[in-house]
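>>> what's the 3D shape of this:
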Amino acid sequence: DCKLCAGGAFVSQPGQSECSSCPVGRYSWGGGLSQCQQCGSGTFASAVAATGCTTCPPGFFSTLSGANSSKVCEACAAGTFSSAAGITNASACVACPAGTFGNTSGQTSVAGCAGQCVP
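Next up is the predicted model:
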């Protein structure tokens, strides 16, 4: 009796008697896949047998694919912010508006640009 592998698992060869778990950095949503999918940039899978990838939080980005830890998520630089999760490069971090500055990295909103420039 043939059965489909559950999420987080795959079978790479015909005739196998059991499913294999996806390694960290990869996932499977289930449905009889022959290989696990690599997490895309801006995401990571830190557990074996993942059924999906976790996005880097707002204020952070990752350019790497197949990441296996949240440690790959880099903070948007001081003077920038991002309210979006899962951004894939530093250029997606938005610059603080003219006349303001932010001196802390990883800001998630324009409120992080509260510093006023004074002559």
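>>> just the buried residues of stretch 55-69, please?
Thr55, Cys56, Pro57, Pro58, Gly59, Phe60, Phe61, Ser62, Leu64, Gly66, Ala67, Asn68 (16 or more other CB atoms under 10 Å). Just so you know, the C-beta spots here come from the backbone N, C-alpha and C atoms, and that holds for glycine as well.
>>> contacting residues for the residue lying closest to the second one once chain neighbours are set aside?
Leaving aside its chain neighbours, Cys56 sits nearest to Cys73 (3.7 Å; criterion: CB to CB, 6 or more residues apart in numbering). When contacts are counted by CB atoms under 8 Å, 6 or more residues apart in numbering, Cys73 is found next to Phe44, Cys56, Pro57, Phe60, Phe61, Ser62.
>>> from Ala9, how far off is the spatially most central residue of the chain?
Centrality entry for the chain: nearest residue to the mean C-alpha point is Thr43, 1.4 Å, by CA atoms, centre = their mean. Going from Thr43 to Ala9 by CB to CB, to the nearest Å gives 19 Å.
>>> next: Gly106.
To Ala9, Gly106 is 35 Å away according to CB to CB.
>>> repeat for Ser28
Distance from Ser28 to Ala9, by CB to CB: 6 Å.
>>> just the element for Gly52, please.
Here Gly52, judged by DSSP states H and E, is contained in no helix and no strand.
>>> and the closest residue in space to it that isn't next to it in sequence, what does it touch?
Distances taken as CB to CB, 6+ apart put Tyr27 closest to Gly52, at 5.4 Å, once the chain neighbours are dropped. Under the criterion of CB under 8 Å, 6+ apart, the neighbours of Tyr27 are Gly8, Cys36, Gln37, Cys39, Ala45, Ala50, Thr51, Gly52, Cys53.
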